[in-house]
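> Pasting the sequence and the predicted coordinates here, then a few questions.
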Amino acid sequence: MEHPECIFQRHTQTPASSIIQMVGGETLLEDHRMKLSREQIEQFENDGYLFFPSLFTREEIRVLIDEVPSLYAQSRPENVREKGSDAVRTNFAAHMYSRPFAKLARHPRMVEPIMQVFGEEVYMHQFKINGKMAFEGDVWQWHQDYATWKNDDLMPEARAMNVAIFLDDVNEFNGPLMFIPGSHKLGVVEAEHDLSTTSYPLWTINHETIAKLVERGGIVAPKGTAGSMILFHSCLVHASGSNLSPWNRISVYLSLCAVSNHIRRFKRPEYIAHRDFTPLRCLPDDCLLKDYDVPLPWKDGTPEESLKPLLAA
C-alpha cells in the first residue's frame, strides 16, 4: 500500500504564501491561511495522517538545513547521540535557541491546520530534529507517541498532533517513516518500555501485535523531496528502519498539543517535554525568508531547572 497521491500543489509562479489545494473545485487556502478541506479531515480520521509534498520551497528548507550542522556540533544535553556513535540521533528543543527553528515553530502552514482539527489553541509539547544520518542512522522501533506522553508525562488525552517536515529528500533507501494506516483508531496499544535497543528509551509494540495491525491496515511510507510535510495522529503506530544509504534523512518533528490537554507530570527534562503551555502565535507565512523577532530563551545555555524532573505539574 502506498500513500495517496499528493493533493497540495505549489504554484512556482506565485509567492510562497500562495499555496492552494483544489478538491472538488474548492480553494482551501483563503487569505494565505492553510485550511484543511472536509475531504482531508475525513481522510485524516480514516488513515491517521496527511501528506503534503513540497509544501515548503527549497529556499525555505535551505535556511533550516544550513543551521543543523552547528546545532549537532554543540555539546548540549539536547543532542542525543546514536548508540556507539558520535552521530546525532535527535536534537531537542532547537526552537528555544536557534532563530530559524524558532520561526519554524510558529509557522502558520503547520500550526493553523492543527488548531483547526482541535478547535483550540496549541502549545509546543516537543520539538526534535532527527538525524538518521547516512550509514549511521539507527532504527526507531514500532511505537505510538501518545503512549510515551501518557505514561511518562500524564498527558490526559491524545489531543496532540505530530508534524514531520523533510529537510532532506526522503526515498526508500534512507529510512523513511512508516505508518500503519488506521491504527490510531485503536487508541493506546499495549507497549513495553525498551531501554536497550537504541540510545533513546521508547515504549514499543511487540512483533505479534504489529503483524496483526499490518495485516489489517498495511504499511505506507510517504516519500518525497525536502520541504514535504506530514501531519499524523499521536496514536498512529509508526517506525523507521536504519539508514544504510549514503544519503542523510534529516527531518524536523514537532508535537503540538491542545492547551487544555497539557501534561500533568514533569518527570522528564523540560527540553524533552515542555512545561510552558503558552499558546503559539503564528508569524507571517514568509517568516523563514524574512527577519522576524522571536524569543531565544536558551541561547546561552539550558537553564539548570530545565534539566531536572519536577515532582508535580
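Thanks, I have it.
> Residue 129 contacts residue 95, doesn't it?
No. Assessed by Cβ atoms under 8 Å, residue 129 is found out of contact with residue 95, at 9.8 Å. Yep, even glycine has a C-beta here, placed from its N, CA and C like the rest.
> Geometrically speaking, which residue is the centre of this protein?
Residue closest to the average C-alpha location in the chain (Cα atoms, centre = their mean): residue 253, at 2.4 Å.
> Surely that residue touches residue 166?
No. The criterion here is Cβ under 8 Å, and residue 253 misses it with residue 166 at 10.8 Å.
> excluding its backbone neighbours, what's nearest residue 254?
residue 163 (4.5 Å; Cβ to Cβ, 6 or more residues apart in numbering).
> For residue 250, see how far away that neighbour is.
Taking Cβ to Cβ, to the nearest Å as the measure, residue 163 falls 15 Å from residue 250.
> As a check, name the ranges of all helices in the stretch 1-150 of the chain.
Remark: helices assigned in the stretch 1-150 of the chain by DSSP state H, counting those that start in this stretch are 38-47, 58-65, 68-72, 99-104, 108-118, 145-153.
> closest to residue 135 out of those helices?
Judged by Cβ to Cβ, the one of the helices of the stretch 1-150 of the chain that comes nearest to residue 135 is helix 68-72, at 15.5 Å.
> quick revisit: and of the helices of the stretch 1-150 of the chain, who's closest to residue 282?
Here helix 108-118 is closest among these (Cβ to Cβ), at 4.3 Å.
> Buried residues in that closest one, which are they?
108-115, 117-118 (16 or more other Cβ atoms under 10 Å).
> And the contacts of that helix?
The contact list for helix 108-118 (Cβ atoms under 8 Å, 6 or more residues apart in numbering) reads 19, 32-36, 41, 44, 55-56, 104, 121-122, 159, 161, 163, 165, 229, 231, 254, 256, 258, 280, 282-285.
> ok, which stretches of the stretch 51-200 of the chain are strands?
79-81, 88-92, 122-130, 140-143, 160-166, 177-179, 192-194 (DSSP state E, counting those that start in this stretch).
> would JSON lines of these with mean neighbour count be doable?
JSON lines is the format used below for the strands of the stretch 51-200 of the chain (neighbours: other Cβ atoms under 10 Å):
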{"stretch": "strand 79-81", "mean neighbour count": "18"}
{"stretch": "strand 88-92", "mean neighbour count": "22"}
{"stretch": "strand 122-130", "mean neighbour count": "23"}
{"stretch": "strand 140-143", "mean neighbour count": "20"}
{"stretch": "strand 160-166", "mean neighbour count": "24"}
{"stretch": "strand 177-179", "mean neighbour count": "23"}
{"stretch": "strand 192-194", "mean neighbour count": "12"}
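> and residue 241, which of these is closest to it?
Using Cβ to Cβ, those put strand 177-179 closest to residue 241, at 7.7 Å.
> Identify the residues contacting the closest one?
47-49, 164, 170, 219-222, 230, 232, 236-241, 251.
> 7 Å instead, please
Applying Cβ atoms under 7 Å, 6 or more residues apart in numbering, the external contacts of strand 177-179 come out as 48-49, 164, 219-222, 232, 236, 238-240.
> ok, back up a step: mind listing the residues bridging to the residue nearest to residue 254?
residue 231, residue 254 (DSSP bridges).
> can you tell me how far it sits from residue 92?
Using Cβ to Cβ, one obtains 15 Å as the distance from residue 163 to residue 92.
> Ok, residue 59 next?
From residue 59 across to residue 92, the span is 26 Å (Cβ to Cβ).
> Poorly predicted segments of the stretch 51-200 of the chain, please.
For the stretch 51-200 of the chain, the stretches with pLDDT under 70 are 194-200.
> rewinding a little: farthest pair in the buried residues of helix 108-118?
109 and 118 (16.4 Å).
> Three-state assignment for residue 203, please.
Using DSSP: H, G, I helix; E, B strand; the rest coil, the structure places residue 203 in strand.
> Now do it: how many residues are near it, please.
22 (other Cβ atoms under 10 Å).
> coming back round to it: mind putting the helices of the stretch 1-150 of the chain in CSV, distance to residue 83 included?
CSV is the format used below for those (distance: least, Cβ to Cβ, whole Å):
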stretch, distance to residue 83
helix 38-47, 32
helix 58-65, 25
helix 68-72, 16
helix 99-104, 25
helix 108-118, 30
helix 145-153, 19
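> Of those, which is nearest residue 87?
helix 68-72 (8.5 Å).
> For residue 220, grab phi and psi.
Torsion angles at residue 220 (phi, psi; degrees, to the nearest 10) stand at phi -120, psi 150.
> I'd assumed residue 181 was in contact with it.
Yes. Counting by Cβ atoms under 7 Å, residue 181 is a contact partner of residue 220 at 5.9 Å.
> Could you pull up the contacting residues of the residue nearest to the centre of the chain?
Residue 253 makes contacts with 128, 130, 162, 164, as judged by Cβ under 7 Å, 6+ apart.
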